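Novice: below are the sequence and a predicted model for it; my questions follow.
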Amino acid sequence: MTSIKCPALAFQGQYGLPLSEIDEEGNAIRDLIEQGALFVSNHSGGKDSQAMLIRLLEIVPAGQMVVVHASLGDMEWPGAMELAQEQADAAGLPFIVARASKTLLEMVARRFENRPEVPSWPSASTRQCTSDLKRGPIQREVRRYAKANGFKVIVNCLGLRAAESPGRAKRRTFSKMGISNSVSTWYEWLPIHKLLTPDVFRAIDADGQMPHYAYSLGNDRLSCVFCIMGSRGDLRNGAARHPELLAEYDALERHTGYTMHMSRIPLMELSS
């Protein structure tokens, strides 16, 4: 049997979960490790992904892990992919880059061309940016990796935390995904769901790592430079450091007649 640190005990100390939930989740993860499942660490380059990978390395054997980054090209903060790869390399883990066939701006322009009567940009309720640019490409690359390396069971690990939003607070920390097929069975696990933001930064610091430099600028989030749910501070940081990209977003907002941000305030105004 694989020798690992017991997830149940670690969860009890750091997460404060009810014992029944600890036992159920901890036992499920332990069983999946013993079955030889592949644990996929989704890594945006952000603080939560970074802390999650630190956590996973305490529990899952390195031979059953892979790190995957969904590249957003010029839309994402420079250095995000490099941070993810450096952390994977330092741990001796395989690193995969998943790329969509189009960028966010290309997706918005195509959507406007096909259906100009509906909002062209993603929204909190219709997040094509997540499904088309991240989740779809990641699942495609993970399937390829799993098939090539003989994995039949996949545990998709996400750094989502309850403190981020009411919607994320309601997410189950462990569940079976509805994408099973003859090749593989998928589960979803949120290893740091109960951590608060200070806990995340403490975990990174305790491991001798540094988070992405955007956080030192005051960013709350990290992925796209201009996120549909980004705070005003995040958007201002992005505008100050990437004015050319801001101009592209502004031009597309004007062309479509729709605004990017969920506040429905033009990006140029929000980021000024």
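Specialist: Perfect, I can see it now.
Novice: what about this structure, any weak spots by pLDDT?
Specialist: 1-23, 180-183 (pLDDT under 70).
Novice: the helices in this protein, which residues?
Specialist: 7-14, 19-34, 47-59, 80-90, 104-114, 128-130, 136-149, 166-169, 197-206, 232-241, 243-256, 267-270 (DSSP state H).
Novice: give me the residues contacting the third one.
Specialist: Going back to what we said before, that points to helix 47-59. 4-5, 7, 10, 29, 33, 39, 41-43, 65, 67, 83-84, 87-88, 91, 157-161, 191-192, 195, 197, 199-201, 203-204, 207, 209, 211-212, 215, 222 (CB atoms under 8 Å, 6 or more residues apart in numbering). No exception for glycine: its C-beta is placed from N, CA and C like everyone else's.
Novice: that helix: how far from the chain's middle?
Specialist: 12 Å (CA atoms, centre = their mean, to the nearest Å).
Novice: next, the angle helix 197-206 makes with that helix.
Specialist: In terms of direction (axes from the mean of the first three to the mean of the last three CA atoms, to 10 degrees), helix 47-59 departs from helix 197-206 by 60 degrees.
Novice: just use 534 as the starting number from now, easier for me
Specialist: In the new count, where the first residue is 534, that last one comes out as helix 580-592.
Novice: mind listing what's buried in helix 580-592?
Specialist: 580, 581, 582, 583, 584, 585, 586, 587, 588, 589, 590, 592 (16 or more other CB atoms under 10 Å).
Novice: how far off helix 613-623 does that helix point, in degrees?
Specialist: 10 degrees.
Novice: number of nearby residues for the residue lying closest to residue 696 once chain neighbours are set aside?
Specialist: Leaving aside its chain neighbours, residue 696 sits nearest to residue 729 (5.4 Å; criterion: CB to CB, 6 or more residues apart in numbering). Counted with other CB atoms under 10 Å, residues neighbouring residue 729 total 12.
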